[in-house]
Every structure is written in structure tokens, then in C-alpha cells.
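Novice: Prediction below, plus the sequence it came from.
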Amino acid sequence: MVSALICSGQLSLPAWEPYVPSRATQAQSVERRWRRFLGNQRVRVSRLYLPLVMAALSGWKQHRLYLALDTSVLWNRYCMIHRSVVCCGRAVPLLWRVLEHGSATVAFGEYQPLLRKARWLLRQHPDVMLLADRGFANHELMEWLQASRWHYCFRIPCDVLLHGASKYPRIVSSLYPPLGEARLYRHVRLWTDGVHRCNLVLATVKGAKESWAVVTDEAPSLQTLWQYALRFRVEELFLDSKSGAFELEDSRLRCEAALERLYLFAALTLLYATAQGMSVQIAGLRQQVDPHWRRGISYLKIGLRWLRGVVHKGRQLLSPLPLLPQDPEPCFASNRAEQDFYHQIWFTRIRSLTCKP
């Protein structure tokens, strides 16, 4: 099934038939075989996938591990919760869960099991930071993070009440700085009760739709904004899953458990193709599949193109490497894209303030 997904590029059972040898002569028989697998309750997704992804992360113990927490909605009916590892410009799936829930906002109790499992899996990694969007900002998550050893960096909504940033409690939106400015607050307290204390970075960037309000347990700095921006790498993962590489929404499955098992093959393919793409890069063979002078496509697409060339052009199948904690060659589609990346954020004024206890 992974081989069929690599060759077809679609998470659609009817599209896999030409790529998988079988004694069955009818396409319907082949499809029923796969549907029986997706409906098999004895198939444990975590037992199949987690040993592989943990082996791929074997070289990260001396580096900070950024975990992105986000959700994606399918057909306005199912919500997929993702825990992903940020790696070399993209995100690689670690854990996921599918709920019959038409909104991208979910309660803490729905994703708490993923947090607990991830904390146990990464217990040997001393430096882990959680990245999340403002939809996850709540008391329960803050309490869980303060009780764990993890660092955090996530955005908060504009209507959150802050204590200590001024003489009286004020909502976040009333403290946004003018365009092109940033403010760094130490020891602010959040929400009406003011129980949770953290650091806050407010920034209004030219070209952005709205101002950012990012909280962290570390010292507030411009590095905080860069760390939060790593969360957007998971958007590339969603794009690859839905339309960029695998066409998840064409699967037409309408069952939570079946969708979780189907996404197992997307995760396996993402992990294996990314590792294969890194092997191609290290071996100096990238330009055989990437027409850019410097790397212009993701390691996932490099790996997929190489693997399809193994089938159709007789290329050598390389041994996959563990995921690289540091990118040997950052990816930019053009010189303009590289300039925009390094020069898109400038501040004319930066203020640092320490709030009174």
C-alpha cells in the first residue's frame, strides 16, 4: 500500500490497483482487501509507526526538538489532530487522531492523550518545545506544560486579559504596538484569575494581517517570534497530505478509525520519502531529480521523485538516513524567495519591560 501510494500519489483505494500485484482479477476484490485492513480493529497504528519515527529521531538528543500541535478539518465533518516534528523546513507526523468534529477548535481533553504519549516517547530528549496556535491557548494546556519539562511557545487570542503589563488589567489587543514595533514583557499573568505567569512578545509586522501575541516560558526576544513561526511548517504538511502529494480528501472514507489507519500510510510514506530525500542530498545526487541549481524542493519531493525513478528508471535504492536535525542546504525556490525569507521582518523600535509582581 505504501508502494502504491508512492507510485500513484493518491490516498485513494481505487487508484492503487495498477501498482500492487495480487492474485485477484477484479479491481473490486483488491479494494475490498484494503478496506478489510482499514476496518481491522487489531491493527494498532502506533505500534506500527512509532518505532520507525523514533528511530528516525535517534540523532536529535543533543538538539532542541520542536513539536507542532495543530488541527486539520476534512469535508467539514472530521477533525484530525496532529503532533508533528519540525524538521528541515517541513513537519513530519509523530502522532495523530481523527474525531468526528466539524470545527478546527477542540477541547483539551481530546488532545491530552497525544500530549501524554508524546511526553513518554520523548522522555530521553532533554530539550523539547511545544508550538501551538491561539486555538489551543487555555488553562488546562498551561497547567500541563508547567507540570512537564517541556518549553512552550504559542499564540494567544486578542481578548485574553493580562495582569502586570499596565496599572490595571487589560486585554491583549489594547497593548498591540504600532506598525513596525515590538514589545517584550517579562512576568505577565494571563486570564481573569491571573494564576499563570509567563513572558509575552507583542509585534506588529508590516504585511501581516494582524498583530502577534506570543507567550513563552523562556526569556522574551525576537527569537520567540522565530520559534513560533516554525509552527507554520505544519501547514506544508497539511498541503502535502491534502493536495500537494497525496490527495487525502479523495479517499472518500467516512469513518474515524479507518481514516486514522489510512493516514498511517501517508505518515509512513512521508517519513520514508523524506529520509530517502536526505540520503539523496548527502550522496550528492539531488540534481538528478531537482532542476534548481540549489535545493528548490522539499526533501519529501526529492525522495518521492527518486523512489519513482527507482521503479521506472532503474535508479539505486539508497539506504534512508535518520532525520537530520540541521538542514545542510535550506530550500528556496528562487533568489527572490530567499531574500523575502531573510529580510521580511524589520522592527524600527523594540521595547523590553518587566512587569510588577
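Specialist: Thanks, I have it.
Novice: Please count neighbours and contacts with C-alpha atoms only from this point.
Specialist: Fine.
Novice: Kindly tell me how buried residue 187 is, as a neighbour count.
Specialist: 21 (other Cα atoms under 10 Å).
Novice: cool, and residue 250?
Specialist: Number of residues near residue 250 (other Cα under 10 Å) recorded here: 13.
Novice: What sits closest to it if chain neighbours are left out?
Specialist: Excluding its sequence neighbours, the residue lying closest to residue 250 (Cα to Cα, 6 or more residues apart in numbering) is residue 12, at 5.9 Å.
Novice: same for the helix or strand containing residue 130, what does it pack against?
Specialist: In the assignment (DSSP states H and E), residue 130 maps to strand 128-132. With contacts defined as 3 or more Cα pairs under 8 Å, 6 or more residues apart in numbering; DSSP states H and E, strand 128-132 has these neighbours: strand 65-74, strand 151-155, helix 222-229.
Novice: for the helix or strand following that strand, what is the average pLDDT?
Specialist: Moving toward the C-terminus from strand 128-132, the next helix or strand (DSSP H and E) is helix 139-147. If you average the pLDDT over helix 139-147, you get 92.
Novice: what's in contact with helix 139-147?
Specialist: 108, 151-152, 196 (Cα atoms under 8 Å, 6 or more residues apart in numbering).
Novice: How many residues are close by residue 133?
Specialist: Neighbourhood size, residue 133 [other Cα under 10 Å]: 19.
Novice: any idea how far it is from residue 188?
Specialist: Using Cα to Cα, to the nearest Å, residue 133 is found at 19 Å from residue 188.
Novice: Do a quick rundown of the helices in the stretch 151-300 of the chain.
Specialist: For the stretch 151-300 of the chain, applying DSSP state H, counting those that start in this stretch gives helices covering 222-229, 233-239, 256-282, 299-312.
Novice: of all those helices, which lies closest to residue 76?
Specialist: Closest to residue 76 of those is helix 256-282 (Cα to Cα; 13.5 Å).
Novice: for the chain, which spans come out with low pLDDT?
Specialist: By pLDDT under 70, the weakly predicted segments of the chain are 244, 333-334, 337-344, 357.
Novice: End to end on stretch 36-52, go ahead and measure it.
Specialist: One end of stretch 36-52 to the other measures 24 Å (Cα to Cα).
Novice: Renumber starting at 16 from here on
Specialist: Sure, I'll start counting at 16 from here, so that last one is stretch 51-67.
Novice: residues of that stretch that come out buried?
Specialist: Using 16 or more other Cα atoms under 10 Å as the test for burial, stretch 51-67 gives 53, 60, 64.
Novice: Cross-check the contact I'm expecting between the last one and residue 279.
Specialist: I take that to be residue 64. Yes: assessed by Cα atoms under 8 Å, residue 64 is found in contact with residue 279 at 7.3 Å.
Novice: neighbours of residue 95, just the number please.
Specialist: Residues within reach of residue 95, counting by other Cα under 10 Å, total 21.
Novice: What residues does it make contact with?
Specialist: Per Cα under 8 Å, 6+ apart, neighbours of residue 95: 86-89, 111-114.
Novice: Am I right that it is in a strand?
Specialist: Yes: under DSSP: H, G, I helix; E, B strand; the rest coil, residue 95 falls within a strand.
Novice: Quick check: it vs residue 83, distance?
Specialist: Separation of residue 95 from residue 83 (Cα to Cα): 13 Å.
Novice: What distance do you get for the residue nearest to residue 94 when sequence neighbours are not counted to residue 253?
Specialist: Using Cα to Cα, 6+ apart and skipping residues adjacent in sequence, the residue nearest residue 94 is residue 88, 4.5 Å away. Residue 88 is 10 Å from residue 253, where distance means Cα to Cα.
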